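Colleague: Take a look and give me a structure for this.
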Amino acid sequence: MSDGPPDSGSLAEEDQLRANVYILLAQLLARAPQADLLQQVAGLQGDDSPFGEAMRALAHQAQRATPDQIADEHFNLFIGVGESELVPYGSYYLTGFLNEKPLARLRADMAELGIARADGVHESEDHIAALCEIMAGLITGAFGDAADLSQQRRFFQQHIGCWAPRFFEDLEAAAGAAFYMPVGSIGRLFMEVESEAFEMAA
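Modeller: Numbering: from 1, shown residues only. I've put the predicted structure just below:
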């Protein structure tokens, strides 16, 4: 859905960091990471905060796992033969079914924001990776003008904050998650920070 990296010269450092986390989550959840992305992830640094510890844990997993191992894990967690361990779609978490009203509302809001589904993408727009990519684009202006905080808050609350925290908790606890366990931790903690920040700014 992204048209490429925007010019982030005028973007506040805090917003660029937020966008970077959304982009990392999108890249790791959309498909199994290839060797070049794994190398980048292996170099991530963290501090002694829970979020920093999760980053270090992810870097450690990237250092010890092979792309083939992570590809198998990604397939079993999110795709599966017949049934995956997790279903990474908003409609499923909100209604118990795929392609329901939450997806229709998302598509209407995407159209209003001028965001089109990318060619060649088979997953529906309420996939967690697509939503993370959209949030990054709203922050950085990848789809046009950067969205103001109220627009970001509205999109987050209506399409991400209402279900993604549960998804990341499920990912963190998934029996088949090794590399993706700290991805779940990062997502869960980041959702908490975003929710609190939007509430304080309301």
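
Colleague: Go through the top helix by length along the chain and flag the buried ones.
Modeller: For the chain, the helix reaching the highest residue count under DSSP state H is reported as helix 180-201. For helix 180-201, the neighbour count (16 or more other CB atoms under 10 Å) marks 180-191, 194-195, 197-198 as buried. For every residue, glycine as well, the C-beta is placed using N, CA and C.

Colleague: Span of stretch 66-86 from start to end?
Modeller: The straight-line separation of the ends of stretch 66-86 (CA to CA, to the nearest Å) is 22 Å.

Colleague: starting at the chain centroid, how far to it?
Modeller: Here stretch 66-86 is found 17 Å from its chain centre; the criterion is CA atoms, centre = their mean, to the nearest Å.

Colleague: Nearest residue to His74 in space, please, no chain neighbours.
Modeller: Using CB to CB, 6 or more residues apart in numbering and skipping residues adjacent in sequence, the residue nearest His74 is Ala32, 4.0 Å away.

Colleague: okay, now that neighbour: neighbour count?
Modeller: 22 (other CB atoms under 10 Å).

Colleague: Check Arg56 too.
Modeller: Neighbours of Arg56 (other CB under 10 Å): 16.

Colleague: next one: the helix or strand hosting it to chain centre, how far?
Modeller: If you go by DSSP states H and E, Arg56 is part of helix 50-64. Centroid separation between helix 50-64 and its chain, computed with CA atoms, centre = their mean, is 17 Å.

Colleague: How about stretch 109-128?
Modeller: Mean-position distance between stretch 109-128 and its chain equals 14 Å (CA atoms, centre = their mean).

Colleague: And for stretch 100-116?
Modeller: The answer for stretch 100-116 is 17 Å, by CA atoms, centre = their mean.

Colleague: what's it in contact with?
Modeller: 1, 89-91, 94-95, 117, 124-126, 131, 134, 137-138, 143-144, 147, 151, 155, 158-159 (CB atoms under 8 Å, 6 or more residues apart in numbering).

Colleague: tell me, how many neighbours does Phe121 end up with?
Modeller: I think there's a mix-up here, since residue 121 is Val and not Phe. Neighbourhood size, Val121 [other CB under 10 Å]: 13.

Colleague: quick one: it from Gln158, how far?
Modeller: According to CB to CB, to the nearest Å, Val121 stands 21 Å off from Gln158.

Colleague: Show residues contacting the helix holding Arg56.
Modeller: Looking at what lies outside helix 50-64 - CB under 8 Å, 6+ apart - the contacts are 33, 38-39, 41-46, 178-179, 181-183, 185-186, 189-190, 193.

Colleague: Check stretch 191-202 too.
Modeller: By CB under 8 Å, 6+ apart, stretch 191-202 touches 18, 51, 149, 152-153, 156-157, 160-161, 164-165, 168.

Colleague: average model confidence for that stretch?
Modeller: Averaged over stretch 191-202, pLDDT sits at 92.

Colleague: Any regions of the chain where pLDDT drops low?
Modeller: Residue ranges of the chain with pLDDT under 70: 1-9.

Colleague: if you set the cut-off to 90 instead, what comes out?
Modeller: By pLDDT under 90, the weakly predicted segments of the chain are 1-11, 46, 80-83, 116-123, 143-146, 201-202.
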